[in-house]
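> got a predicted structure plus its sequence, pasted below:
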Amino acid sequence: MTPASSPARHVEPVSIFFDDLDALGMVYHGRYVTLVDHAMTSCFATFGMTLGHEDINVLIREVTIGFEQPITAIGTVDCAIWVKSVGKTSATFGFRFQTGEVVHAKGHRVVVKIGAESGRPEPWTDATRQLFVDRLNAPEPQPAAG
């Protein structure tokens, strides 16, 4: 895997609905995986990678999330997405949920590209690898000091 180096990332607004909240009025911890999935799906669609694209067939190998400040209202939060590393058949994406200067949660998600017919790991296309490097490859974005 190659480490991230260039300063690029994508910020995707994610909608928080009433049914995302738990009995305490904050986003239920289990919903964050779904919210990351929504943000990643929208991010890839922005780059023309929708269902049917050969590099959108991925399996999730790992997701880690650290919680910092709860999301306590319906509305929109930003999900910053960047590539931490890219392997032959896998990629590690960092993500961070944030409202203004408040960081709610951050973590990473490892995906493995698989062949639609074979169900086996397959290499990323050159175009997708280049997209990861040019448009999403970045260190974790830091919140503005305040």
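Everything's here; your move.

> please count neighbours and contacts with C-alpha atoms only from this point.
Noted.

> which other helices and strands contact the lengthiest helix in the chain?
Ranked by number of residues, the top helix in the chain under DSSP state H is helix 31-46. For helix 31-46, the elements it packs on are strand 10-16, strand 75-86, judged by 3 or more Cα pairs under 8 Å, 6 or more residues apart in numbering; DSSP states H and E.

> for Thr41, find the nearest of the ones you listed.
Minimum separation from Thr41 across the helices and strands packed on helix 31-46 (Cα to Cα) falls at strand 10-16, 9.8 Å.

> what strands line up against the closest one, and which way round?
Sheet pairing of strand 10-16 (DSSP bridges) gives strand 75-86 (antiparallel).

> quick one: the helix or strand following the strand it pairs with to strand 75-86, angle?
Per DSSP states H and E, strand 75-86 leads on to strand 90-99 as the next helix or strand towards the C-terminus. Interaxial angle, strand 90-99 versus strand 75-86 (axes from the mean of the first three to the mean of the last three Cα atoms, to 10 degrees): 150 degrees.

> now do the buried residues in the following helix or strand past strand 90-99.
Heading C-terminal from strand 90-99, the first helix or strand you meet, by DSSP H and E, is strand 102-113. Judged by neighbour count (16 or more other Cα atoms under 10 Å), strand 102-113 contains these buried residues: Val103, His104, Ala105, Lys106, Gly107, His108, Arg109, Val110, Val111, Val112, Lys113.

> which outside residues touch the longest helix of the chain?
His10, Glu12, Pro13, Val14, Asp20, Thr50, Val63, Cys79, Ile81, Phe95 (Cα atoms under 8 Å, 6 or more residues apart in numbering).

> related to what we said a few turns ago, okay, the helices and strands packed on helix 31-46, which one's buried deepest?
Mean neighbour count (mean count of other Cα atoms under 10 Å) peaks for strand 75-86 among the helices and strands packed on helix 31-46, with a mean of 22.

> how big is the angle separating it from strand 102-113?
With the same axes, to 10 degrees applied, the angle from strand 75-86 to strand 102-113 works out at 50 degrees.

> in PDB, please show the C-alpha coordinates belonging to strand 75-86.
This file holds the C-alpha atoms of strand 75-86, laid out as PDB (Å, rounded to 0.1, in the frame of the first residue of the first chain):
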ATOM      1  CA  GLY A  75     -30.200  18.400   9.900                       C
ATOM      2  CA  THR A  76     -27.000  18.100   8.000                       C
ATOM      3  CA  VAL A  77     -23.400  17.300   9.100                       C
ATOM      4  CA  ASP A  78     -20.300  17.200   6.900                       C
ATOM      5  CA  CYS A  79     -18.400  14.000   6.300                       C
ATOM      6  CA  ALA A  80     -14.900  14.600   5.100                       C
ATOM      7  CA  ILE A  81     -13.500  11.700   3.100                       C
ATOM      8  CA  TRP A  82      -9.900  11.000   2.100                       C
ATOM      9  CA  VAL A  83      -7.800   8.100   1.000                       C
ATOM     10  CA  LYS A  84      -5.200   7.000   3.500                       C
ATOM     11  CA  SER A  85      -3.700   4.300   1.400                       C
ATOM     12  CA  VAL A  86      -4.300   2.300  -1.800                       C
END
